[in-house]
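[1] The sequence and its predicted three-dimensional model are supplied below.
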Amino acid sequence: MKQDISVSLGRLKLKNPVMVASGTFGYAEEFADFLDIKRLGAVVSKTVTIKPRQGNPAPRTCETPAGMLNSIGLENPGIEVFIEEKLPALKKTGVPVIVSIASEKDPQEFVVLARRLDKLNAIAALELNISCPNLKKNKLISQDPQATYALVKNVRKVCGKTLITKLSPNVADIAEIALAAEKAGSDCLAMINTLYGMSIDINKRRPKIAMGTGGLSGPAVKPVAVRMVREVYKRVKIPIIGMGGITCAEDALEFIIAGASAVSVGTANFVDPGVTIAIIEGIRKYLGENDIKDIKKLIGSLEGA
Ligand SMILES: Cc1cc2nc3c(=O)[nH]c(=O)nc-3n(C[C@H](O)[C@H](O)[C@H](O)COP(=O)(O)O)c2cc1C
């Protein structure tokens, strides 16, 4: 029996639900030697801003039990160089290209970026990174439902492409933020971005990350992410891309059963750059073994919670 593992993210159709998470797969070309990228459901590029950014000072990453901290600080070449030099390679992958965007100071920068990217055929969707924990800001847009609503609404006005809003786990009630994004016209949600964290070098009595704090990712965050996907799934109607600590098909299936229509793999790409292909194959195998013809039957099928 051939299973149907295609899924929909609003108007965007994916041949399978496995994507790569922003910031962990570069601009795809870096990974071309390690896996057959055209087998992925979609690729999400590193978050891009209007102007180039050098990112935060080193050290910017450190390993933690079952995960890592990062404080890259949105290093990227800026939108014009991205369009000129990175987008052609992304397009060549042959899979839907999702471009992640962010502002540095003024939320209006999202609107400028969305307007610039809206007309480019190479792009299937935009992901609004309103949840980066590594910028010097008191509050993230995704920590405030009103700010989230206003931002998504303003971008929606200038952008006809599928809009994905990426949420932060660093909130008391993530469903409240998800509902604000949905109400403002977001087609889809991506969750979760990283959790605030800190690691200390006890000999130097200094943080291991130059900025002091970083974003925690990897298997350590998976139960938090699965719980949040479930909470949001029960409250919103738009599809969810689940992520946080996925390293194998079983992890991906947990997210799908909790309510994710698709999944993204981040930190695990650094451990095994071909892991996404094994995850796609594992999902197919699970469906076969459980006599499930269509993965869409599995989405949100959790019982008892
Ligand atoms: C080194 C690194 C860089 C990241 N850069 C970005 C980024 O530019 N934009 C973004 O939205 N998320 C970024 N993330 C967050 C991931 O996309 C993802 O949401 C998070 O790591 C959880 O998934 P994981 O546990 O599978 O890594 C980054 C994560 C890591 C580890």
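    Everything's here; your move. Residues are numbered from 1 along each chain as shown.
[2] which parts of the stretch 201-305 of the chain sit against the ligand?
    By C-beta under 6 Å from any ligand atom, the part of the stretch 201-305 of the chain that sits against the ligand consists of 217, 218, 221, 243, 244, 245, 246, 265, 266, 267, 268. Glycine gets a C-beta too; all of them are placed from N, C-alpha and C.
[3] now, the most widely separated pair of the residues you listed?
    Spatial extent of those (C-beta to C-beta) is set by the pair 221 and 265 at 13.1 Å.
[4] before we move on, back to that, out of the residues of the stretch 201-305 of the chain next to the ligand, which sit inside helices?
    Among these, the residues falling in helices (DSSP state H) are residue 268.
[5] Quick check: the residue of this protein nearest the ligand.
    The ligand sits closest to residue 23 of the chain, with a gap of 1.9 Å, by C-beta to the nearest ligand atom.
[6] End to end on stretch 36-48, go ahead and measure it.
    End-to-end distance for stretch 36-48, by C-alpha to C-alpha, to the nearest Å: 25 Å.
[7] Could you confirm whether that stretch reaches the ligand?
    Yes. Shown here: stretch 36-48 in contact with the ligand (C-beta under 6 Å from any ligand atom) through 46, 47.
[8] now stretch 168-183
    No. On the criterion C-beta under 6 Å from any ligand atom, stretch 168-183 is out of touch with the ligand, staying 9.0 Å away.
[9] Next, the buried residues of that stretch.
    Neighbour-count burial for stretch 168-183, with 16 or more other C-beta atoms under 10 Å as criterion, is recorded at 168, 169, 170, 171, 174, 175, 177, 178, 179, 180, 181, 182.
[10] Only alpha carbons, please: show it as CSV.
    Taking C-alpha atoms only, stretch 168-183 is exported to CSV below (Å, rounded to 0.1, in the frame of the first residue of the first chain):
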residue,chain,number,x,y,z
SER,A,168,8.0,32.0,21.0
PRO,A,169,7.7,29.5,23.9
ASN,A,170,8.8,32.2,26.3
VAL,A,171,5.3,33.2,27.2
ALA,A,172,2.7,32.2,29.8
ASP,A,173,-0.1,31.5,27.3
ILE,A,174,1.1,30.6,23.8
ALA,A,175,-2.5,30.0,22.6
GLU,A,176,-3.4,33.6,23.2
ILE,A,177,-0.6,34.7,20.8
ALA,A,178,-1.5,32.0,18.3
LEU,A,179,-5.1,33.2,18.3
ALA,A,180,-4.0,36.8,17.7
ALA,A,181,-1.9,35.7,14.7
GLU,A,182,-4.8,33.7,13.3
LYS,A,183,-7.3,36.6,13.8
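[11] so residue 72 makes contact with residue 60?
    Yes. With contact defined as C-beta atoms under 8 Å, residue 72 reaches residue 60; the gap is 5.4 Å.
[12] picking up where we left off before, please look at the residue of the chain closest to the ligand and residue 266 and confirm they touch.
    Yes. If you go by C-beta under 8 Å, residue 23 and residue 266 touch, sitting 7.3 Å apart.
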